[in-house]
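Q: structural data only, the sequence is not supplied:
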Ligand SMILES: C[S@@+](CC[C@H](N)C(=O)[O-])C[C@H]1O[C@@H](n2cnc3c(N)ncnc32)[C@H](O)[C@@H]1O
């Protein structure tokens, strides 16, 4: 057992720390290399139960990448000879001096915090993902454990808009992962966390990365940035509806909403007029109550558009069992009872993992709208697709759409996979589902029969007049066709072209 990492560095050692982290990156340690080396479809599949398989099947050759993965991600130990092959002396020394690297009496080296690769080239220090493994072996994980770069962190990072902006804010920053990612496309970034340990970790990461445009502030949500507005706001708050308050990064009160509802309520005061706020969270669902009703209530009438991606659904029972703890049957079952009882008390029948994006509503497309789609979690960057979804929705809501389409081409946002299900017997009409291929988000859209016909007639490119004439062949009224075009544009299955020139995607 060893102390957790202090996340402190002397000023004089900052250049060497920066060099050490850059050197580990240059040795090829990044998200894609880890995924490929461990034979994963996505790095989010990484799991401690597979550790023997990774080590015995994928890391037998102890090259620098295997050594970096073992030491910095899998909580493994290296021999001193392996440390020397992985790290130059200056890197080893600075990691020892900061207390990140430790060498036990048997001469085996371990780290007190993991170094998580995220995206193309970021490496983020945080507390270990599996603190209860024999090493470091915490019997009770400390309340202020800094959250590892986990599934939710990666999902939020992938849907975050990566437009160049003036200012970005990451609330509930933890290790600072989203603030550090934003530091490469925002002129100025603020990162806020209430936990002094998380603040230390984020500052440590900013120094290790040389992110001079990142300011790290300790405080309660928006308190440290009162009166300021930002072009990009990101948040991965504690959101778990929990019968206990054991982990500051996880537990969101018995409803799960204690922190997240205050974040949503704070957006109107802190989101710049053309900004984007993005949140990863879980929400308990009650039958017959759309989750967007709750988001609207928290916004208290502020006119914002809301785009929700449901990326995973857990029944209340699955959720309770997943969170229950106990070393023996009796304790474990008591814990299941407590978690399940809490969800029942809230009326939650399931808990959904969602990625929610907010923008101020534009007067031209008012009233404010909300859309809920289901997608597999993205395995790569999807920020551009989220931005495009807001633009498409506004375009589709243009009351003058018919006139707007004059002199423009309409075409399929190709390629699109269509799944036609013919139903034998009875009078149920055939069902069609359409999915736009080549996207990071895989959203299946159900199509009405008339929508399927109109979509088919957009292969190649057509003007709106052509389309109306073609649709006349199956007796579709002009108003119906225009509504279908709206629906296809909204779902980005169809695009419009600016002029009667070459088609490009209307975003
Ligand atoms: C789920 S973790 C997210 C960490 C990181 N952003 C990520 O995505 O990996 C939530 C973080 O919120 C912080 N937190 C909890 N309550 C807070 C509050 N009232 N104000 C600011 N931060 C808070 C916790 O300390 C924790 O670091």
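A: Looks like it came in fine. Everything numeric in this text was worked out from a predicted model, so none of it was measured.
Q: may I have the residues that are in contact with residue 485?
A: 401, 405, 410, 454, 464, 467, 494 (Cβ atoms under 8 Å, 6 or more residues apart in numbering). C-beta coordinates here come from the backbone N, C-alpha and C atoms, glycine included.
Q: among these, which are in helices?
A: When DSSP state H defines the helices, the subset of these inside them is 401, 405, 454, 464, 467.
Q: let me see the confidence value for the third one.
A: Same thing as residue 454. Note on residue 454: pLDDT of 88.
Q: now do the contacts for it.
A: For residue 454, counting by Cβ under 8 Å, 6+ apart, the contacting residues are 467, 471, 476, 481, 484, 485, 488.
Q: same question, residue 96
A: When contacts are counted by Cβ under 8 Å, 6+ apart, residue 96 is found next to 102, 103.
Q: please apply the same query to residue 308.
A: Neighbour list for residue 308: 291, 292, 295, 354, 355, 356, 357, 370, 371, 372, 373 [criterion: Cβ under 8 Å, 6+ apart].
Q: residue of the stretch 1-150 of the chain nearest the ligand, please.
A: With Cβ to the nearest ligand atom as the measure, the residue in the stretch 1-150 of the chain that lies nearest the ligand is residue 147; the distance is 4.1 Å.
Q: repeat for the stretch 351-500 of the chain
A: Nearest residue of the stretch 351-500 of the chain to the ligand, counting by Cβ to the nearest ligand atom: residue 355, 12.1 Å away.
Q: quick one: list the elements packing against the helix or strand where that residue lies.
A: Under the criterion of DSSP states H and E, residue 355 resides in strand 350-360. With contacts defined as 3 or more Cβ pairs under 8 Å, 6 or more residues apart in numbering; DSSP states H and E, the secondary structure elements packing on strand 350-360 are helix 151-159, strand 271-285, helix 291-299, strand 304-315, helix 316-323, helix 383-396.
Q: ok, 6 Å please
A: In terms of contacts (3 or more Cβ pairs under 6 Å, 6 or more residues apart in numbering; DSSP states H and E), strand 350-360 is packed against strand 271-285, strand 304-315.
Q: next helix or strand past it?
A: Using DSSP H and E, the next helix or strand after strand 350-360 towards the C-terminus is strand 370-374.
Q: mind listing what's buried in that next one?
A: Within strand 370-374, the residues that qualify as buried are 370, 371, counting by 16 or more other Cβ atoms under 10 Å.
Q: on that earlier part again, and the residue of the stretch 351-500 of the chain closest to the ligand, how far is that from residue 2?
A: Taken as Cβ to Cβ, to the nearest Å, the spacing of residue 355 relative to residue 2 amounts to 36 Å.
Q: wouldn't residue 352 be in contact with residue 311 here?
A: No. Using Cβ atoms under 6 Å, residue 352 makes no contact with residue 311, being 8.3 Å away.
Q: run a quick neighbour tally on the residue of the stretch 251-400 of the chain found nearest the ligand.
A: Distances between the stretch 251-400 of the chain and the ligand by Cβ to the nearest ligand atom are smallest at residue 259, namely 5.0 Å. Summarising burial for residue 259: neighbours were counted as other Cβ atoms under 10 Å, giving 21.
Q: check contacts around it.
A: If you count contacts by Cβ atoms under 6 Å, 6 or more residues apart in numbering, residue 259 has them with 237, 238, 252.
Q: which residue packs closest to the second one, ignoring adjacent ones?
A: Closest residue to residue 238 apart from its sequence neighbours, by Cβ to Cβ, 6 or more residues apart in numbering: residue 252 at 4.6 Å.
Q: and the residue nearest the centre of the chain, how far is that from the ligand?
A: Nearest to the mean C-alpha position of the chain, counting by Cα atoms, centre = their mean, stands residue 156 at 1.7 Å. Plainly put, residue 156 is 6 Å away from the ligand if you go by Cβ to the nearest ligand atom, to the nearest Å.
Q: show the pLDDT at the residue nearest to that residue when sequence neighbours are not counted.
A: Distances taken as Cβ to Cβ, 6+ apart put residue 280 closest to residue 156, at 3.9 Å, once the chain neighbours are dropped. Per-residue confidence for residue 280 comes out at a pLDDT of 98.
Q: can you count the residues close to the residue of the stretch 1-150 of the chain closest to the ligand?
A: Residues within reach of residue 147, counting by other Cβ under 10 Å, total 24.
Q: what does the chain have sitting close to the ligand?
A: 147, 149, 153, 156, 171-175, 177-178, 192-195, 198, 220-221, 236-238, 248-249, 259 (Cβ under 6 Å from any ligand atom).
Q: can you flag which of those residues belong to strands?
A: Within the residues of the chain next to the ligand, residues falling in strands by DSSP state E are 171, 192, 193.
Q: isn't residue 312 right up against residue 353?
A: Yes. Counting by Cβ under 6 Å, residue 312 sits close enough to residue 353 to count as a contact (4.0 Å).
Q: those two - which one has more neighbours?
A: Relative neighbour count places residue 353 above the other of residue 312 and residue 353, with 19 against 14, counting by other Cβ under 10 Å.
Q: is it true that that one touches residue 283?
A: No. With contacts defined as Cβ under 6 Å, residue 353 does not count as touching residue 283, sitting 8.5 Å away.
Q: quick revisit: could you dump the helices and strands packed on strand 350-360 to a markdown table with distance to residue 6?
A: Written out in a markdown table, the entries for these read as follows (distance: least, Cβ to Cβ, whole Å):
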| stretch | distance to residue 6 |
| --- | --- |
| strand 271-285 | 28 |
| strand 304-315 | 35 |
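Q: quick one, what contacts residue 214?
A: The neighbourhood of residue 214, defined by Cβ under 6 Å, 6+ apart, consists of 179, 183, 189, 206.
Q: pLDDT value on the second one, please?
A: Confidence at residue 183, expressed as pLDDT, is 97.
Q: ditto for the last one
A: Residue 206 carries a pLDDT score of 98 in this model.
Q: ok, now how distant is it from the ligand?
A: Using Cβ to the nearest ligand atom, one gets 14 Å for the distance from residue 206 to the ligand.
Q: which element is that residue on?
A: Under DSSP H and E, the secondary-structure element containing residue 206 is helix 196-209.
Q: swap in the third one?
A: Taking DSSP H and E as the definition, one finds residue 189 inside strand 186-193.
Q: list the contacts of whichever helix in the chain runs longest.
A: The helix spanning the most residues in the chain, taking DSSP H as the definition, is helix 329-346. The set of residues that contact helix 329-346 without belonging to it, under Cβ under 6 Å, 6+ apart, is 243, 254, 255, 284, 316, 320, 321, 323, 324, 325, 326.
Q: adding distance to residue 115 and neighbour count, write these out as JSON lines.
A: Written out in JSON lines, the entries for the contacts of helix 329-346 read as follows (distance: Cβ to Cβ, whole Å; neighbours: other Cβ atoms under 10 Å):
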{"residue": "243", "distance to residue 115": "34", "neighbour count": "18"}
{"residue": "254", "distance to residue 115": "35", "neighbour count": "16"}
{"residue": "255", "distance to residue 115": "35", "neighbour count": "20"}
{"residue": "284", "distance to residue 115": "34", "neighbour count": "24"}
{"residue": "316", "distance to residue 115": "36", "neighbour count": "21"}
{"residue": "320", "distance to residue 115": "33", "neighbour count": "23"}
{"residue": "321", "distance to residue 115": "32", "neighbour count": "16"}
{"residue": "323", "distance to residue 115": "27", "neighbour count": "22"}
{"residue": "324", "distance to residue 115": "31", "neighbour count": "17"}
{"residue": "325", "distance to residue 115": "27", "neighbour count": "14"}
{"residue": "326", "distance to residue 115": "32", "neighbour count": "12"}
